[in-house]
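> give me a 3D structure for the following:
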Amino acid sequence: MKLNRKVWNNDFPQIKKAKLLGTTYDYGCVNGRGHFTSFKVSPGIELIFVDFDTSDSISYTDSAVCPDFLQLTYCRRGCCEYELPGGFIKTTSEGEVSILNNDNIPLWARFPLSVYQSANIQIDQKVVECGEDSLFKIFSLDTKKIRHQLNLTRSWYTRMTGGKIRQAFLSLFDAFEHGEPDYFRIKIIEILYLVSKITEEPLILHDSKPGTTDIINYIRSDMLDSLNSQLPISRIVKKYDISQGTFNHLFKEIYEDTPYLYLKKYKMKIAAYRLYAEDTSVTDIAADLGYDNPSKFSSAFKSVYNISPREYRRSNI
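Residues are numbered from 1 along each chain as shown. Down below sits the predicted model:
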């Protein structure tokens, strides 16, 4: 199975051999770099570590994706925004798991923070279910049941995760340098088992009027261009031919959050990355994101990450 090269719309040069069965490819970014390392874990299962540090957008193609494709993605660092057919946007941010199948392959992706690190489990369900993997049988794992359970034919499943699922994904990163297929296989089985216990259904996205999605995205772009100001969202909306109520409703359908909550989360994602990557003071980061009062910034950060900015910085040293 060569899903790692075919889902991405490019022909990548191999840049080096990782240990054992892993191979690293260069996406060929114009600005910055984009590498991914692929491990053939077992028949029908591929584990791909993605590491992008670029402002480039990347495109996808679904022409070569098998009809029984399933992907589980965990974002360790940064953020990735995907555009789906119909103009809907799905975001995978630090600490979140996304699950999709071949019904919802994105058209393109971009990295708002110019950095994105993730672990991706890609499964050819037909190959796996026809195989003789004893662990799949022992744990009664049924990937088709997972697709149905999470309603993946209608939308992605994307949620902040913690506990056992998070620890299992992080252990894959810890084992990356060693590239041990048997260890990867055991952890992937563990992740699939834990995912099979999820019962929460994803939010279903609905089509909107032609052209309306473009207006929502224009307003969103204006919102993100004003991160360091306190310009009310309502003032931005007035520039466009759409009512505030309609905008609020459609924005939540496309981005799965209210405009206010989306903007707060977006700012906190930037703050989290800067706390990790820079020595800039919390006060200065807060000011850059439009917070004159550092305590209000800390409260907003804690509402998203459940710890204060200073605690977050200490935990990522």
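> tell me where the longest helix sits in this protein.
Longest helix of the chain, by residue count under DSSP state H: helix 259-277.
> buried ones in that one?
259, 262-276 (16 or more other Cβ atoms under 10 Å). Heads up, the C-betas are built off the backbone N, CA and C, glycines and all.
> what do you get for stretch 291-300?
291, 294, 297-298, 300.
> all helices for the stretch 151-300 of the chain, in order.
In the stretch 151-300 of the chain, the helices defined using DSSP state H, counting those that start in this stretch lie at 163-174, 181-195, 212-224, 233-237, 244-255, 259-277, 282-288, 294-305.
> sorry, slip of the keys, the one I care about is the stretch 1-150 of the chain.
3-6, 125-130, 134-138, 143-149.
> look at the residue nearest the centre of the chain and report its pLDDT.
With distances taken as Cα atoms, centre = their mean, residue 92 lies nearest the centre of the chain, 2.3 Å away. On the pLDDT scale, residue 92 is placed at 86.
> partner residues bridging it?
Taking DSSP bridges as the rule, residue 92 bridges to residue 80.
> quick check: it touching residue 159?
No. Contact criterion Cβ atoms under 8 Å: residue 92 and residue 159 do not qualify, at 10.2 Å.
> burial measure for residue 231, as a count.
Around residue 231 there are 14 other residues, counting by other Cβ atoms under 10 Å.
> so where is the stretch 51-200 of the chain shaky, pLDDT-wise?
Residue ranges of the stretch 51-200 of the chain with pLDDT under 70: 61-67, 129-139, 154, 179, 199-200.
> mind running it again at 80?
Applying pLDDT under 80 to the stretch 51-200 of the chain flags the ranges 60-68, 84-89, 102-104, 125-145, 147-149, 151-155, 160-162, 177-181, 198-200.
> repeat that for the stretch 201-317 of the chain.
201-214, 217, 241, 253-254, 256, 316-317.
> of all the buried residues of stretch 291-300, which comes closest to residue 97?
Proximity of the buried residues of stretch 291-300 to residue 97 (Cβ to Cβ) peaks at residue 300, which lies at 23.5 Å.
> how about that closest one, nearest residue that isn't a chain neighbour?
Leaving aside its chain neighbours, residue 300 sits nearest to residue 264 (5.7 Å; criterion: Cβ to Cβ, 6 or more residues apart in numbering).
> which ones are touching that neighbour?
300, 303-304 (Cβ atoms under 8 Å, 6 or more residues apart in numbering).
> what's the distance between it and residue 149?
Distance, residue 264 to residue 149, using Cβ to Cβ, to the nearest Å: 31 Å.
> can you check residue 60 too?
In terms of Cβ to Cβ, residue 60 sits 25 Å off from residue 149.
> can you check residue 292 too?
Distance, residue 292 to residue 149, by Cβ to Cβ: 46 Å.
> before we move on, what about residue 280?
Applying Cβ to Cβ, the value for residue 280 to residue 149 is 43 Å.
> which one of these two is surrounded by more residues?
Remark: of residue 280 and residue 149, residue 149 carries more neighbours, 17 against 12, as counted by other Cβ under 10 Å.
> these two touch, right, that one and residue 197?
No. Judged on Cβ under 8 Å, residue 149 makes no contact with residue 197 at a distance of 9.3 Å.
> sorry, back to before: from residue 264, how far out is the residue nearest to the centre of the chain?
With Cβ to Cβ as the criterion, residue 92 and residue 264 are 18 Å apart.
> just flag the most distant two among the buried residues of stretch 291-300.
294 and 300 (10.6 Å).
> which non-adjacent residue is nearest residue 56?
In this structure, residue 56 finds its nearest non-sequential neighbour in residue 29, 4.7 Å apart by Cβ to Cβ, 6+ apart.
> backbone phi and psi for the one you found, please?
phi -70, psi 140 (degrees, to the nearest 10).
> isn't it up against residue 51?
No. When contacts are counted by Cβ under 8 Å, residue 29 is not listed as touching residue 51 (11.2 Å).
> alright, I will stop here.
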